[in-house]
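Peer 1: can't give you the sequence, but here's the structure:
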């Protein structure tokens, strides 16, 4: 009999967003004249930049014409896009060769699939709270997972414990869900730890475009020593509103080796077998993001979200509520006021001021008593939600 | 230390296309005034249909407008596309519910990744000659692979051997590379075998649009009993020239279970963790393929390739060279004349008549002495190549 992968039995069903939907739907049914404001959403809402749409449409036209038609793309992505990404890295002082870049259909694919080229026996380290993909992908492969605690004490920036050994380390900075971002010094501690342990860091930089502070690196390759221990995964989803367009990229330094094997070459072999490259018009759209005009245009959307984040952060400052994020991130991670639990605060916001957020304990045990708000909503509604929050807590 | 997946050491490097390129490049360098005709190519060359380009551009415009912007797509694909695919199946008499369809970025991704949900202990059966993805993906997972011989004696349609047990069976019909296609009766033998062995068939139907004969099924779900043993993977790559656009689909019947688990649910869980859905404009383009106008327009391209295949087949008939394919497939698989080996015939064609094809032994041991030509080239050049072949062999 065809047996299934028994590791799937070890997955913990994550009912977070289903439970949120259930509670919201019940409230809406009971209060048909509600004025609900949703600040729980992790998806962007502003449209693609005009120059990006034009480039994508031009790519479509080329596919419709015999002289310019494109068949199978290169597994690693078109040279023109890898050159553009390499140029983008240069803007923040990081040198990445186009031949170290692999274009993909979003960071999640590579974050999920990268385990294919590593042994099942490696010990995986993730931070808690955590984006569930790193955990679930490794449970599916049967790897042992250990946790580094991100807590109020370390500003939700978990640091390595020299007494603990790990082989594969997943870091996300700026972080989803906490919005906390590693400084150069903190990230250097992880790079040193990884090199000492011959571990590999899988660095998720999906939110790098939201970084505003100088001592927060935009790439792990801004850190000395990273090229011998790190793989960086990035995405245009949040940078340029590509959640529905689908394009990301992974950087594997050519000198990265483990177990006597070149990691880029292993990953290329994996991709050549199980992937056929990214849609041509999508690659055209992605390249347009990194043009002068593209970077100018996406900045407008980023500023819109950043202003929302600022409004939320300012409100929490006024209310003296502890939080992380909001400065280098579209996420604001706040301590539930008055000692409330995550779900208690969720219900309180929903019923008292008709605002929807995300209970922190859905992301791990250290999320208990914490709560995520996002800046991807409408500006006026975000301001209105914060006014309601002030009214509620000042009562 | 982070250890790598040692199974990669068991992959046999396939130098087929690299070796072809080497020999062709050397010839071209030595004969700068050549008139080479390439009939080895496995990629399409005709542009997308106009209605498909228009739909894709409309999708791009929607992403550029706040009111119509689309964020994360559903993992399983948009309902409008799954409805369209379900309607396409109805045209050849097969009932597939839209909720049994998962949209992907090409059949190769699912053919490669589907193993994630199955045990490493399953025995895998593939036919020989074979599309290398099935083999390599399972070597990477460390599964035992056994072969069913496709030979001139069975018309290159390997049939099950009741004395051999397999758990996971990969079938491709019409076949790449042989162009041979299973009749209803032959496919029924595989379905019965799979049900008796509680095996799962992974059925690659990527070339179904080339089928012209009535007793050759367009889908494995035209076979009684397939819904309890088969997963079908299909693609728009060859059907509608989507090799550079990237869209395919997988059908998993809701009643398919193994090992006490529902296979659709396992696969959905896998996709939700490691995939984020297909680009919206690409899904719009794919849906347009299945519209009345879309099906009319792609028929023109299919007919163009089919006519090329007919020209090649007719020539081989005249020359009394045994072959399979060409009738229900863009591939023609021919026996090298005069007892030549695959590479010997390759060199002979290259040097004597400047025609490039693909040596069959690159696809497995049963390909020795056989040769693949494809119908994806230019019409006039295909005719010219066949004239040259006739001249050469009639000498």
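Peer 2: Nice, I can see it. On a predicted model such as this, the values are computed, not experimentally measured, just so you know.

Peer 1: What about the residue of the stretch 201-350 of chain A found nearest chain B, how many residues nearby?
Peer 2: In the stretch 201-350 of chain A, the residue that lies nearest chain B is residue A:274 (2.9 Å; Cβ to the nearest Cβ). Where C-beta positions appear, they are placed from N, C-alpha and C, glycine not excepted. Using other Cβ atoms under 10 Å in any protein chain shown, the number of residues around residue A:274 comes to 23.

Peer 1: Touching, it and residue B:109? I think so.
Peer 2: Yes. Judged on Cβ atoms under 8 Å, residue A:274 makes contact with residue B:109 at a distance of 6.3 Å.

Peer 1: How about the lengthiest helix in chain A and chain B, any contact?
Peer 2: If you go by DSSP state H, chain A has its longest helix at helix A:292-318. No. For helix A:292-318, no contact with chain B is found by Cβ under 8 Å from any Cβ of the partner chain; the gap never falls below 10.5 Å.

Peer 1: For that helix, name the packing helices and strands.
Peer 2: Helices and strands touching helix A:292-318, by 3 or more Cβ pairs under 8 Å, 6 or more residues apart in numbering or on different chains; DSSP states H and E, are helix A:50-63, helix A:280-289, strand A:323-325, strand A:331-335, helix A:379-394.

Peer 1: any chance of those in CSV, with mean pLDDT too?
Peer 2: Below are the helices and strands packed on helix A:292-318 laid out as CSV (pLDDT from 0 to 100):
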stretch, mean pLDDT
helix A:50-63, 98
helix A:280-289, 98
strand A:323-325, 98
strand A:331-335, 98
helix A:379-394, 96
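
Peer 1: which residue packs closest to residue A:368, ignoring adjacent ones?
Peer 2: residue A:361 (4.5 Å; Cβ to Cβ, 6 or more residues apart in numbering or on different chains).

Peer 1: Am I right that the one you found sits in a strand?
Peer 2: No. Under DSSP: H, G, I helix; E, B strand; the rest coil, residue A:361 sits outside any strand and is assigned helix.

Peer 1: so what's it scoring on pLDDT?
Peer 2: Residue A:361 carries a pLDDT value of 93.

Peer 1: Quick one: residues contacting residue A:237.
Peer 2: Counting by Cβ atoms under 8 Å, 6 or more residues apart in numbering or on different chains, residue A:237 touches A:44, A:106-107, A:206, A:243, A:248.

Peer 1: change it to 6 Å
Peer 2: Residues in contact with residue A:237 (Cβ atoms under 6 Å, 6 or more residues apart in numbering or on different chains) are residue A:243.

Peer 1: list the buried ones in the lowest-mean-pLDDT helix or strand in chain A?
Peer 2: Lowest by mean pLDDT, DSSP states H and E among the helices and strands of chain A is helix A:16-30, with a mean of 93. By 16 or more other Cβ atoms under 10 Å in any protein chain shown, the buried positions in helix A:16-30 come out as A:16, A:20, A:23-24, A:27.

Peer 1: what residues does that helix touch?
Peer 2: Residues from elsewhere that reach helix A:16-30 (Cβ under 6 Å, 6+ apart): A:34, A:350, A:356, A:362.

Peer 1: Tell me the gap between it and the middle of its chain.
Peer 2: 25 Å (Cα atoms, centre = their mean, to the nearest Å).

Peer 1: same question, stretch A:383-395
Peer 2: Worked out by Cα atoms, centre = their mean, stretch A:383-395 lies 29 Å from the chain centre.

Peer 1: in it, what counts as buried?
Peer 2: Neighbour-count burial for stretch A:383-395 flags A:383-386, A:388-389, A:393 (criterion: 16+ other Cβ under 10 Å).

Peer 1: hang on, the earlier thing: and the residue nearest to residue A:368, how many neighbours does it have?
Peer 2: As a burial measure, residue A:361 scores 19 neighbours (other Cβ under 10 Å).

Peer 1: Please apply the same query to the one 3 residues further on.
Peer 2: Other residues within reach of residue A:364, judged by other Cβ under 10 Å, total 21.

Peer 1: which non-adjacent residue is nearest residue A:266?
Peer 2: residue A:117 (4.3 Å).

Peer 1: returning to that earlier point: how far does the longest helix of chain A sit from the chain's center?
Peer 2: In terms of Cα atoms, centre = their mean, the centre of helix A:292-318 is found 17 Å from the chain centre.

Peer 1: buried stuff in it?
Peer 2: For helix A:292-318, the neighbour count (16+ other Cβ under 10 Å) marks A:294-295, A:297-298, A:301-302, A:305-306, A:308-313, A:315-316 as buried.

Peer 1: Just the mean pLDDT for that helix, thanks.
Peer 2: The average pLDDT within helix A:292-318 is 97.

Peer 1: burial measure for the closest residue to residue A:307 other than its chain neighbours, as a count.
Peer 2: Closest residue to residue A:307 apart from its sequence neighbours, by Cβ to Cβ, 6+ apart: residue A:379 at 6.7 Å. Using other Cβ under 10 Å, residue A:379 has 13 neighbouring residues.

Peer 1: What separation do you get for residue A:379 and residue A:327?
Peer 2: Per Cβ to Cβ, to the nearest Å, residue A:379 is found 18 Å from residue A:327.

Peer 1: Then residue A:369?
Peer 2: 22 Å.

Peer 1: Any chance of TSV for the contacts of helix A:16-30, columns secondary structure and neighbour count?
Peer 2: Listed next are those as TSV, based on DSSP: H, G, I helix; E, B strand; the rest coil; neighbours: other Cβ atoms under 10 Å in any protein chain shown:
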residue	secondary structure	neighbour count
A:34	coil	13
A:350	helix	21
A:356	strand	21
A:362	helix	20
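
Peer 1: ok, so of those, who is nearest residue A:59?
Peer 2: Checking the contacts of helix A:16-30 against residue A:59 with Cβ to Cβ, the nearest one is residue A:356 at 37.3 Å.

Peer 1: contacting residues around that closest one?
Peer 2: By Cβ under 6 Å, 6+ apart, residue A:356 lies in contact with A:24, A:38, A:40.

Peer 1: do residue A:57 as well
Peer 2: Neighbouring residues of residue A:57 by Cβ under 6 Å, 6+ apart: B:57, B:60.

Peer 1: Please look at residue A:59 and residue A:283 and confirm they touch.
Peer 2: No. If you go by Cβ atoms under 6 Å, residue A:59 and residue A:283 don't touch, sitting 7.4 Å apart.
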